[in-house]
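> Here is a sequence with its predicted model. Questions after.
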Amino acid sequence: MPGVTTSIETPVGSNSYPTLTVNWDEAGFGMTVAQCVEELAAGTPRIEALSTLGNRSLLPPLRKSTANVVNKLQVVSMTLQPGEDLIVGNRLRQVLSKARKTKA
C-alpha cells in the first residue's frame, strides 16, 4: 500500500516469534497508530495489535520517555493460524485505506 512500510523481525529472547512492524505517516493518513490498534480490536474479525508506545487502556506505556520516538503498529505471530496472516493484512489495508480516503 503506498505510504505504508513493513518489516518482519524475530526478537531475541523469550518472545522470539516473528513480529510484523507497520509504519505510516499518521498525519498523512489522518489516523494514529493508537486509533488503528483500537479499530482493529473493535472490528470483525477482532485483531489484536500492539503499539511500540503502549496505547491500549489496559497496557502500561512500553517506554518511559516517548520524545522523538515514532509509534509503530506491531502484530506478533505467536497465535496466528495458517492463512490468518492474509486476514490481518486485508483488514489493516481496509482500515488504513478508509482513513486515507476520509482524510482526503
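Everything's here; your move. Residues are numbered from 1 along each chain as shown.

> in this protein, which ranges drop under the pLDDT threshold?
54-69 (pLDDT under 70).

> swap the cut-off to 90 and go again
For the chain, applying pLDDT under 90 flags the ranges 1, 11-16, 44-45, 50-71, 79, 102-104.

> if I pick the residue nearest the centre of it, what's in contact with it?
Nearest residue to the geometric centre of the chain (CA atoms, centre = their mean): residue 73, 2.6 Å. Residues near residue 73 by CB atoms under 8 Å, 6 or more residues apart in numbering: 21, 22, 23, 33, 36, 37, 49, 50, 51, 92. From N, CA and C alone the C-beta is placed, and that goes for glycine too.

> Please produce TSV containing these, extended by secondary structure, distance to residue 1 and neighbour count.
Converted to TSV, the contacts of residue 73 look like this (DSSP: H, G, I helix; E, B strand; the rest coil; distance: CB to CB, whole Å; neighbours: other CB atoms under 10 Å):
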residue	secondary structure	distance to residue 1	neighbour count
21	strand	15	15
22	strand	10	20
23	strand	11	16
33	helix	15	22
36	helix	13	23
37	helix	17	23
49	coil	16	22
50	strand	20	19
51	strand	19	20
92	helix	9	22
